[in-house]
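Colleague: The following block contains a protein sequence and its predicted model.
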Amino acid sequence: MNSKEKTVFQSVIIALILWIPNIAAVLLSGSVTMLADVVKDGNEILATFLAWIVLRKVSQGKSGTYDYGMGKFETIIGFITGVVMFISLFIVFYSGIWRILAPEPIQIGGSLLGIGIYCISICANTRTCLKSHRIAKIDASPIMDSQWRLFRNKAISDALVIGTLIASLVFHEFWWSWLFDPISSLLIGIILFLSGYHIIKSSFQDLLDKTIDESFQFLILQDLVEFFDEYIAFHGMKSRLSGNNVYIEIFLEFDDDRKMGEVQDIIDRMKSSIEQKIERSTISIVPSRGFKNGDH
């Protein structure tokens, strides 16, 4: 079991362990913020479990089955994670608005239990977030990127819930303290919206094979300038992402009088130079006389 798979699996187990007592705290406290958070956590547990299944299949899969690897599966799960966040968003906003229209005080016993559980939860989620972020920086992956953002939001949500419960208990004698609970749930909804939008946008672009980042294009252009005298014309470039891997095709026209061995030597040198500058890249330099409307 690799580090990504192990981290996500541990996240599922920890989330399940904390989720069950959270449900009990919701029933005892009557807190709409805790209710929204529990529903949100349930959806996120499902998304994390799906992420673990995909990582497991990727680690066990036969690389020869897919020419560009199984990275798209990771992107799909990142997309699903973002969609789950938006589903949770509607639940959170509905619960918060409903409680604003019909405010009620939260129960002290259940709130004290909730504070204890969420203190443990915020520590666990912060640890998982930092670990996932560290792995994502070392071994970039759509799944790990969505995972660290998801657990960052869970930690922030936990902090909001704790703050809401404490404030509601301290000022429980005042009617306006009843509004702390639904307002906090709406803040959680805003966090979900921002993070879910980022994940869906990023995943959707990868699924549609969005052109590589401009910084990568600049590095490639630098090499094209460096080898300017070795080819006649540049006829375009295509790229695609598969998980954390980058595949780039560069179409160049060479002098007809040159032997194929000389052309291949140039291609090998250009390929090596670009792949050293762009991590996890596979460069294909295709001799070409030009192409129209994507045909080559």
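Modeller: Thanks, I have the structure now.

Colleague: which stretch of helix or strand covers residue 234?
Modeller: For residue 234, the enclosing helix or strand under DSSP states H and E is strand 233-242.

Colleague: Which other helices and strands does whichever helix or strand comes after that strand contact?
Modeller: Proceeding N to C from strand 233-242, the next assigned helix or strand is strand 245-253, under DSSP H and E. If you count contacts as 3 or more Cβ pairs under 8 Å, 6 or more residues apart in numbering; DSSP states H and E, strand 245-253 packs onto helix 214-226, strand 233-242, strand 281-287. For the C-beta atoms, the positions are set from N, CA and C on the backbone; glycine is no exception.

Colleague: Output the below-cut-off pLDDT ranges for this structure.
Modeller: Within the chain, the segments meeting pLDDT under 70 span 1-4, 57-75, 78, 139-143, 202-215, 242-244, 290-296.

Colleague: Would you mind confirming that residue 136 is in contact with residue 150?
Modeller: No - between residue 136 and residue 150 there is no contact under Cβ atoms under 8 Å: 11.7 Å.

Colleague: re earlier: the helices and strands packed on strand 245-253: which one's closest to residue 193?
Modeller: Closest of the helices and strands packed on strand 245-253 to residue 193 is strand 233-242, at 25.1 Å (criterion: Cβ to Cβ).

Colleague: Report the angle between that closest one and strand 245-253.
Modeller: Using axes from the mean of the first three to the mean of the last three Cα atoms, to 10 degrees, the inter-axis angle of strand 233-242 relative to strand 245-253 is 170 degrees.

Colleague: helices or strands next to strand 233-242 in the packing?
Modeller: With contacts defined as 3+ Cβ pairs under 8 Å, 6+ apart, the packing partners of strand 233-242 are helix 71-101, helix 214-226, strand 245-253.

Colleague: Partner strands of it and their direction?
Modeller: Looking at strand 233-242 with DSSP bridges, its partner strands are strand 245-253 (antiparallel).

Colleague: Any buried residues in the strand it pairs with, and which?
Modeller: The neighbour-count check on strand 245-253 (16 or more other Cβ atoms under 10 Å) flags 246, 247, 248, 249, 250, 251, 252 as buried.

Colleague: Just grab the bridge partners of the first one for me.
Modeller: Read it as residue 246. Beta bridges link residue 246 to residue 241, residue 281, judged by DSSP bridges.

Colleague: Go ahead and confirm it touches residue 277.
Modeller: No - Residue 246 is beyond contact range of residue 277, at 11.3 Å (criterion: Cβ under 8 Å).

Colleague: between the helices and strands packed on strand 245-253, which gets nearest to residue 192?
Modeller: Of the helices and strands packed on strand 245-253, nearest to residue 192 by Cβ to Cβ is strand 233-242, at 25.6 Å.

Colleague: CA atoms only for the closest one - export them in PDB, please.
Modeller: This file holds the C-alpha atoms of strand 233-242, laid out as PDB (Å, rounded to 0.1, in the frame of the first residue of the first chain):
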ATOM      1  CA  ALA A 233       9.400  25.100 -38.900                       C
ATOM      2  CA  PHE A 234       7.300  24.600 -35.800                       C
ATOM      3  CA  HIS A 235       3.800  23.300 -36.700                       C
ATOM      4  CA  GLY A 236       2.100  23.200 -33.300                       C
ATOM      5  CA  MET A 237       1.900  21.400 -30.000                       C
ATOM      6  CA  LYS A 238      -0.700  19.300 -28.200                       C
ATOM      7  CA  SER A 239      -0.800  18.200 -24.600                       C
ATOM      8  CA  ARG A 240      -2.900  16.200 -22.200                       C
ATOM      9  CA  LEU A 241      -2.900  15.400 -18.400                       C
ATOM     10  CA  SER A 242      -3.400  12.000 -17.000                       C
END
